[in-house]
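Peer 1: From the sequence below, what's the structure:
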Amino acid sequence: MTEYDTFFLGDLDEVPQDQETEMVLRDLTAGRAKYACRCVRAVVSSDPDRYPDRLWPRLGRGQWVGQPWSVRVVERIDKIPPEWR
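Peer 2: As a prediction, the model looks like this:
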């Protein structure tokens, strides 16, 4: 299981659940890639057992929300244009 966190700027009740959404996830898995941010298309749920990976939601100022959510990364999105790589 991979662990991520992300920031939600609005109300958590308004977060679209069980549908694909573009978001930025920060990888919390130990190792060299810890804290690496990735732009992804993902599906999230407030049910911690619905999807295979764990998501720790944070509010706009960085406060942890009490319990973990679950997430499934559908696709990684590379926002850097090819000519800049």
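Peer 1: Please count neighbours and contacts with C-alpha atoms only from this point.
Peer 2: Will do.
Peer 1: And the strands in this structure, which stretches?
Peer 2: 3-8, 21-27, 37-45, 53-59, 69-76 (DSSP state E).
Peer 1: would CSV of the ones you listed with mean pLDDT and distance to R85 be doable?
Peer 2: CSV is the format used below for the strands of the chain (pLDDT from 0 to 100; distance: least, C-alpha to C-alpha, whole Å):
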stretch, mean pLDDT, distance to R85
strand 3-8, 93, 26
strand 21-27, 95, 20
strand 37-45, 95, 16
strand 53-59, 94, 29
strand 69-76, 96, 16
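Peer 1: Let's have the ones you listed in a markdown table, adding mean neighbour count and distance to P82.
Peer 2: Listed next are those as a markdown table, based on neighbours: other C-alpha atoms under 10 Å; distance: least, C-alpha to C-alpha, whole Å:
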| stretch | mean neighbour count | distance to P82 |
| --- | --- | --- |
| strand 3-8 | 20 | 26 |
| strand 21-27 | 18 | 20 |
| strand 37-45 | 18 | 16 |
| strand 53-59 | 20 | 30 |
| strand 69-76 | 18 | 15 |
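Peer 1: Just send these back as CSV, with distance to E83 too.
Peer 2: Putting the strands of the chain into CSV (distance: least, C-alpha to C-alpha, whole Å) gives the following:
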stretch, distance to E83
strand 3-8, 29
strand 21-27, 22
strand 37-45, 19
strand 53-59, 33
strand 69-76, 19
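Peer 1: Mind checking these for the one nearest to W84?
Peer 2: Nearest to W84, of all the strands of the chain, is strand 37-45, at 16.9 Å by C-alpha to C-alpha.
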